[in-house]
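J.: Turn this into a model:
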Amino acid sequence: MASVTPASADTPASQWLRWLPGLAVLRSYEAAWLPKDLAAGLVLTTMLVPVGIAYAEASGVPGVYGLYATIIPLLAYALFGPSRILVLGPDSALAAPILAVVLSVSGGDPMRAVAAASLMAIVSGLFCIVLGLMRLGFITELLSKPIRYGYMNGIALTVLVSQLPKMFDIPIDDAGPVGELWQLAKAVMDGETHWRSFAVGAASLAVILLLKRFDRVPGILIAVILATLAVSLFRLDAQGVKVLGEIPQGLPSFAWPWLSNMDVLKIVLGGCAVAMISFADTSVLSRTYAARTHARVDPNQEMVGLGVANLAAGFFQGFPISGSASRTPVAEAAGSRTQLTGVVAAVAVAALLLAAPNLLRHLPNSALAAVVIAAAIGLFEFKDLRRIYRIQQWEFWLSMLCFAAVAVFGAIPGICLAVVLAVIEFLWDGWRPHFAVLGRVPNLRGYHDLKRYPDAALIDGLVLFRWDAPLFFANAELFQQRLMEAVRASPTPVRRVVVAAEPVTSVDVTSADMLRELSHNLAQEGVALHFAEMKDPVRDKLRRFELAEIFSDDRFHPTVGSAVEDYLDSPDARKPQA
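T.: Sure, this is the predicted structure:
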């Protein structure tokens, strides 16, 4: 599970091993691990097959392509992925955005749907690889928890609603979650439900949900086997229950996906959107399992590993994949020790396609829908949202806005809105940060905010001003405005301003120019601008921005206390007040 760091980082071999963690693990593989990895791989296979088929159908492509998207990515991640235990494959969280793009560009043609989904995987893979090589693995952390909850709840609803027509065996038009629910409700009221299909699907869903509480019981596998046996024994397929049918025999082959007259923008946006979702989920899973063994997983290498797996899926007739929160625990519980578990599972799925492709021909579509619905139910987050509502209501409503956007406009527009809201939220916190004028509080060390301590004593002729954010283009003017307001609000004429700059972690060109202008304006009024507790990297930037002549070394103080002492010892403090 840990990312292996070679002993010598200077040799060419070690450089290769850095990007191929799987080979590094193989070099230190212990014989005692082999039986556990083999057994865990075979156990994992029993879940990969029905889930892969179900998520393929949910993503708008034929079920066998879910197996293709299982085999190749597992092999690719075993080489390039840093986590020893993570299981990759088709995922319910990606079904909605993939389906949204596939339906809009395929025109109902299954082969165009496969090509579109494969292109999305390639875009997603390239996006992840580029960001990983640029060491931008932190990028998904820009989405706050309430926003993540909002879009995941919206995606969960979208996935659930997309599978209900299969459960009832009622064809409806693609109209977004709200429109589809309305169509479905009207069709059910009009008596269009195929009750045998619904009974099989509902029973399968009940079995999965009832057995879900038992970690070591393969509820999905049991439900799928029971549904398949019911259809086969009672010949329900002859009574109108739709089944998976024959699966093409053979392994996925290399193919260059291409669509004539395709909407490139939709595919690119969709691919980038699923990349963000898949990496957010994968990185959380990877860090969680790494923490259990006190190991560390490099997020940039994780992004590269996920990208290579998606790229491989796209070129071998698959579709976008992600780390799985349902299959990874199965591998762990079965005793998995290394990536060999995924390799064994991939080989077993491939063997099924070669030797027994018709084993699942009687698997009912409504049971597959039940598998996806059960997974979608697990995606909903309500408990923590109640806590967020209790402690920070505006973030709760931000989450609800993201949820509504996904539910009303669909997965891709909703996710794009979530990203935009995350950027706005980030900029707003920096654009309108907290600031304070500081004073002395009796019997309390240090200098504190006058708003919290109205009785704090000010120092004649000195303004202590704290700015709790980086200085950048969006808040530079506000900084200048608030500081000048503090100067004019001083009860005594001001001789010196000291900015408590410990929270100021960065400056840009715009804010540097503002400081130059501010220093000039204050100097014209006989006020000197000083800084306390400014970090060395920020001072280095001020020098690079050609401010060294304006702010000499004596303008910087290691602490606020030393800045106050320097002022009290200066001639400015001894000047008579006007």
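
J.: And the strands in this protein?
T.: 88-89, 322-323, 435-441, 444-449, 462-467, 496-500, 528-532, 556-557 (DSSP state E).

J.: So which elements touch the second one?
T.: Under the contact criterion of 3 or more C-beta pairs under 8 Å, 6 or more residues apart in numbering; DSSP states H and E, strand 322-323 touches strand 88-89, helix 264-292. Placement of C-beta: from N, CA and C, glycine included.

J.: Could you rerun that using 10 Å?
T.: Using 3 or more C-beta pairs under 10 Å, 6 or more residues apart in numbering; DSSP states H and E, the elements in contact with strand 322-323 are strand 88-89, helix 92-106, helix 264-292, helix 299-315.

J.: So what are the sheet partners of it and their directions?
T.: Using DSSP bridges, strand 322-323 pairs in its sheet with strand 88-89 (antiparallel).

J.: Where does pLDDT dip in the chain?
T.: Applying pLDDT under 70 to the chain flags residues 1-18, 137-143, 175, 284-285, 287-295, 411-412, 415, 574-578.

J.: Residue nearest the middle of it, spatially speaking?
T.: What sits nearest the mean C-alpha location of the chain, by C-alpha atoms, centre = their mean, is Ala280, with 2.1 Å.

J.: Correct me if wrong: that one contacts Ser322.
T.: Yes: judged on C-beta atoms under 10 Å, Ala280 makes contact with Ser322 at a distance of 9.0 Å.

J.: Would you mind listing the residues touching both of those two?
T.: Applying C-beta atoms under 10 Å, 6 or more residues apart in numbering, one finds that Ala280 and Ser322 are jointly contacted by Ala93.

J.: Quick one: closest of the strands of the chain to Gly240.
T.: Nearest of the strands of the chain to Gly240, taken as C-beta to C-beta: strand 88-89 at 31.3 Å.

J.: What sits closest to Val408 if chain neighbours are left out?
T.: For Val408, ignoring the flanking residues on the chain, the nearest one in space by C-beta to C-beta, 6 or more residues apart in numbering is Val178 at 5.8 Å.

J.: wait, I meant Asp37
T.: Leaving aside its sequence neighbours, Asp37 sits nearest to Leu340 (C-beta to C-beta, 6+ apart; 4.1 Å).

J.: tally of neighbours for that neighbour?
T.: Leu340 has 22 neighbours, counted by other C-beta atoms under 10 Å.

J.: Pull the contacting residues for it.
T.: Leu340 is in contact with 22, 25-26, 29, 33-34, 36-38, 40-41, 78, 84, counting by C-beta under 10 Å, 6+ apart.

J.: Burial check on the spatially closest residue to Gly219 that is not a sequence neighbour, number of neighbours?
T.: Spatial nearest neighbour of Gly219, excluding adjacent residues (C-beta to C-beta, 6+ apart): Leu211 at 3.1 Å. Leu211 has 16 neighbours, counted by other C-beta under 10 Å.

J.: who's in contact with Leu211?
T.: 217-223.

J.: 8 Å instead?
T.: 217, 219, 222-223 (C-beta atoms under 8 Å, 6 or more residues apart in numbering).

J.: before we move on, what about Leu88?
T.: 73-74, 77, 81, 282, 306, 309, 321-324, 342.

J.: Closest one to Lys451 out of these, please.
T.: Set against Lys451, the nearest of these by C-beta to C-beta is Thr282 (43.6 Å).

J.: burial measure for Gln239, as a count.
T.: Neighbourhood size, Gln239 [other C-beta under 10 Å]: 11.

J.: for Glu517, same thing?
T.: Glu517 is flanked by 12 other residues according to other C-beta under 10 Å.

J.: hang on, it packs against Gln480?
T.: Yes: with contact defined as C-beta atoms under 8 Å, Glu517 counts as touching Gln480 (7.4 Å).

J.: What are the buried residues along stretch 273-283?
T.: Going by neighbour count (16 or more other C-beta atoms under 10 Å), the buried part of stretch 273-283 is 273-283.

J.: and stretch 440-456, which residues are buried?
T.: Residues of stretch 440-456 classed as buried under the neighbour-count rule (16+ other C-beta under 10 Å) are 440-441, 447-450, 453, 456.

J.: Could you export those as a markdown table, including distance to Ile53?
T.: A markdown table is the format used below for the buried residues of stretch 440-456 (distance: C-beta to C-beta, whole Å):
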| residue | distance to Ile53 |
| --- | --- |
| Arg440 | 71 |
| Val441 | 67 |
| Tyr447 | 65 |
| His448 | 63 |
| Asp449 | 60 |
| Leu450 | 65 |
| Tyr453 | 65 |
| Ala456 | 68 |
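
J.: rewinding a little: from Leu119, how far off is the residue nearest to Gly219?
T.: In this view, Leu211 and Leu119 are 37 Å apart by C-beta to C-beta, to the nearest Å.

J.: Can you report how many residues neighbour the residue nearest to Lys242 when sequence neighbours are not counted?
T.: Of all residues not flanking Lys242 in the chain, Asn365 sits nearest, at 4.5 Å (C-beta to C-beta, 6+ apart). The tally of other residues near Asn365 (other C-beta under 10 Å) stands at 23.

J.: is it true that Asn365 touches Phe198?
T.: No: under the criterion of C-beta under 8 Å, Asn365 makes no contact with Phe198, lying 11.4 Å away.

J.: shared neighbours, those two?
T.: Among the neighbours of Asn365, those also in contact with Phe198 (C-beta under 8 Å, 6+ apart) are Asp169.

J.: where's Thr492 relative to Arg482, distance?
T.: Here the criterion is C-beta to C-beta. By it, Thr492 lies 19 Å from Arg482.

J.: of the two, who's got more company?
T.: Higher neighbour count among Thr492 and Arg482: Arg482, with 16 against 13, using other C-beta under 10 Å.

J.: and that one, how far is that from Pro433?
T.: Applying C-beta to C-beta, the value for Arg482 to Pro433 is 10 Å.

J.: which residues does Phe396 contact?
T.: By C-beta under 8 Å, 6+ apart, Phe396 lies in contact with 146, 385, 388-389.

J.: Let's have those in JSON lines, adding distance to Thr328 and neighbour count.
T.: Below are the contacts of Phe396 laid out as JSON lines (distance: C-beta to C-beta, whole Å; neighbours: other C-beta atoms under 10 Å):
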{"residue": "Pro146", "distance to Thr328": "25", "neighbour count": "25"}
{"residue": "Leu385", "distance to Thr328": "25", "neighbour count": "20"}
{"residue": "Ile388", "distance to Thr328": "27", "neighbour count": "19"}
{"residue": "Tyr389", "distance to Thr328": "30", "neighbour count": "15"}
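
J.: Put together JSON lines for the residues you listed, with distance to Asp536 on each row.
T.: Below are the contacts of Phe396 laid out as JSON lines (distance: C-beta to C-beta, whole Å):
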{"residue": "Pro146", "distance to Asp536": "35"}
{"residue": "Leu385", "distance to Asp536": "42"}
{"residue": "Ile388", "distance to Asp536": "37"}
{"residue": "Tyr389", "distance to Asp536": "42"}
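
J.: just curious, which of the residues you listed is nearest to Glu192?
T.: Glu192 has its nearest neighbour among the contacts of Phe396 in Leu385, at 35.2 Å by C-beta to C-beta.

J.: wait, what's in contact with that closest one?
T.: Leu385 makes contact with 146, 149, 396, 399 under the criterion C-beta under 8 Å, 6+ apart.
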